[in-house]
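Could you work out the structure for the sequence below:
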Amino acid sequence: MTMISKEYTELKRKISKIDKDIANIQKHSAKMCEQLDKITIALVGDTKFGQEGLVRMVRKHEEWLEKQKFMYAKIYGGMLAISTITTLVIKFWDKIF
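Residues are numbered from 1 along each chain as shown. Model (predicted):
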């Protein structure tokens, strides 16, 4: 009889430990779900609250950089045209006037 009660006690102790382990796993998985939700909101954003995600911000910055490149190209082109015209006017000043 003592053999059965020892086995029963041991089994009961192991089941209790398994229950505690399962509870810990559930607690940690809930925390991980919360953290994944926060990461998702940070990356994608939340339009309800007006929070812009990192993906959208990166796209906006890429568009802004492209616009800046074209603006600089226009500025450099204008500078080249003005300097060319100035050089030609200086070179042919005597012939023009």
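
next SSE after the longest helix anywhere in the chain?
With secondary structure taken from DSSP state H, the chain has its longest helix at helix 2-44. Note on helix 2-44: by DSSP states H and E, the next helix or strand toward the C-terminus is strand 45-46.

Show me the strands paired with that next one, marking each as parallel or antiparallel.
strand 51-52 (antiparallel) (DSSP bridges).

For the partner strand, what is the distance to the chain centroid?
11 Å (Cα atoms, centre = their mean, to the nearest Å).

Other residues contacting that strand?
Identification of contacts with strand 51-52 by Cβ atoms under 8 Å, 6 or more residues apart in numbering yields 41, 45. Any C-beta I mention is one placed from the backbone N, CA and C, and that applies to glycine too.

pLDDT (mean, whole number) over it?
Regarding strand 51-52, the rounded mean pLDDT is 83.

After it, which helix or strand is next? Please name it.
Following strand 51-52 in sequence, per DSSP H and E, is helix 54-91.

Show me what the longest helix of the chain is packed against.
Packed against helix 2-44 by the contact rule (3 or more Cβ pairs under 8 Å, 6 or more residues apart in numbering; DSSP states H and E) you find helix 54-91.

Residue ranges in this structure under the pLDDT threshold?
Confidence mapping of the chain against pLDDT under 70 gives the ranges 1-3, 97.

Quick test: name the residue nearest the centre of the chain.
Nearest to the geometric centre of the chain sits Leu54, at 3.8 Å (Cα atoms, centre = their mean).

correct me, but that one touches Thr40?
No - Leu54 sits out of contact with Thr40 when judged by Cβ atoms under 8 Å, with a separation of 10.8 Å.

Could you pull up the residues touching the residue nearest to the centre of the chain?
Listed by Cβ under 8 Å, 6+ apart, the contact partners of Leu54 are 42-43, 45.

Cool, thanks, signing off.
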